[in-house]
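In: Fold the stuff below for me.
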Amino acid sequence: MNAFLDLVALIGRTVLAIACGTGAITLFALEGLSHLVRPPFYWRVFLGSLRDTGFLSLPVVALTALFSGGVIALQSYTGFAQYHAQSAIANIVVLAVTRELGPVMAGLMVAGRVGAAMAAQIGTMRVTDQIDALTTLRTNPMKYLVTPRLLAGIISLPLLVVVADILGVMGGFTVSTAKLGFAPETYIMATLNGLKVEDVTVGLVKAAVFGFLIALMGCYYGYTSRGGAEGVGSATTSAVVSASILVLAFDYLLTDLFFAQ
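Out: Numbering: from 1, shown residues only. Okay, here's the model as predicted:
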């Protein structure tokens, strides 16, 4: 009986902890977004975050998309050759890249790079009392630290996904024409026939949501970190893990929302 009660208590504590955490993150996000419509807006912080999140993440996202597109082409050819359906490879590559590969791979790469950087930077400011100093100087820490980063995440990730889509399709084209023997003109025509505005649009919507979630997790765990250097390290790890999980979870939810029949 005691073991059963302990199990029930553990489940209850877990559910309450998840509910409290979800509520705290939701309130944090709403407060951060509310400052978008209330001046002042710190353009210098926003532009710096846009550079860090978008431009400086471009090399890793580009390389990941390029090689991933090539891998999709190779794997598709291996499977489709058994059924003499190699002509569908171009459609599969452009579909996979625009719907899933571009947004998800870009999101995961940015979560590992930018989410960790945001959590470490804001967490260091928290444990060294710089955030309290901002309050003393009559500067709202949420407006100064969080809001510009949330907006930068929403804007920069769709731009990265546009590049990832182009390079992912280019990777599939390069492998298909150079290694698998496809005629370039035929492959390009098949790609254009398989390209749909709806797929690209949904991929960009996913990217905007992912960018918001990544920035939110980085800011939240950094802002709420405690305990010196060890707390900053823990916040950085939590930000990356939670952002990566949310990217995959929301990818499923958005796919089900837009493409479920």
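
In: This structure: helices as residue ranges?
Out: Using DSSP state H, the helices of the chain run over residues 2-34, 43-53, 58-80, 89-96, 102-110, 116-127, 130-136, 141, 147-178, 184-194, 197-223, 228-259.

In: Determine which stretch of those is the most buried.
Out: Ranked by mean neighbour count under mean count of other Cβ atoms under 10 Å, the helices of the chain are led by helix 102-110, which reaches a mean of 27. Heads up, the C-betas are built off the backbone N, CA and C, glycines and all.

In: hang on, Ala164 packs against Thr98?
Out: No - look at Ala164 against Thr98 with Cβ atoms under 8 Å: they stay out of range, at 9.5 Å.

In: Give me the distance between stretch 206-217 and the centre of its chain.
Out: Relative to its chain's centre, stretch 206-217 lies at 5 Å (Cα atoms, centre = their mean, to the nearest Å).

In: pLDDT (mean, whole number) over it?
Out: Stretch 206-217 carries an average pLDDT of 95.

In: And Gly21, how close does it get to Tyr221?
Out: The gap separating Gly21 from Tyr221 is 11 Å, by Cβ to Cβ, to the nearest Å.

In: distance of Pro103 from Thr124?
Out: According to Cβ to Cβ, Pro103 and Thr124 sit 30 Å apart.

In: So for the nearest residue to Tyr223 once chain neighbours are set aside, what's the pLDDT?
Out: Among residues not flanking Tyr223 along the chain, Ile122 sits closest, at 5.4 Å (Cβ to Cβ, 6 or more residues apart in numbering). For Ile122, the model assigns a pLDDT of 93.

In: got a list of what Ile122 touches?
Out: Each residue near Ile122 by Cβ atoms under 8 Å, 6 or more residues apart in numbering is listed here: Ile131, Leu145, Gly218, Cys219, Gly222, Tyr223, Ser225.

In: Can I get the residues you listed in TSV including distance to Gly181?
Out: Listed next are these as TSV, based on distance: Cβ to Cβ, whole Å:
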residue	distance to Gly181
Ile131	59
Leu145	54
Gly218	45
Cys219	49
Gly222	51
Tyr223	54
Ser225	54
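
In: which two in those are spaced the farthest apart?
Out: Farthest pair in those (Cβ to Cβ) is Ile131 and Gly218. Separation: 14.8 Å.

In: Ala24 versus the residue lying closest to Cys219 once chain neighbours are set aside, what's the distance?
Out: The shortest distance from Cys219 to any non-neighbouring residue, by Cβ to Cβ, 6+ apart, is to Val146 (4.6 Å). Val146 sits 14 Å away from Ala24, going by Cβ to Cβ.

In: for Val37, same thing?
Out: Going from Val37 to Ala24 by Cβ to Cβ gives 22 Å.

In: Repeat that for Ala207.
Out: To Ala24, Ala207 is 26 Å away according to Cβ to Cβ.

In: now swap in Thr136 and tell me
Out: Distance of Thr136 to Ala24, computed by Cβ to Cβ: 24 Å.

In: Same question for Thr53.
Out: 24 Å.

In: what's near enough to touch the residue most central in space within the chain?
Out: Taking Cα atoms, centre = their mean as the criterion, Gly107 is the residue nearest the geometric centre of the chain, at 2.7 Å. Listed by Cβ under 8 Å, 6+ apart, the contact partners of Gly107 are Leu157, Lys206, Ala207, Phe210, Gly211, Ile214, Val247, Asp251.

In: Dump those residues to CSV, plus distance to Gly69.
Out: Shown next, in CSV, are those (distance: Cβ to Cβ, whole Å):
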residue, distance to Gly69
Leu157, 18
Lys206, 17
Ala207, 17
Phe210, 19
Gly211, 21
Ile214, 22
Val247, 19
Asp251, 18
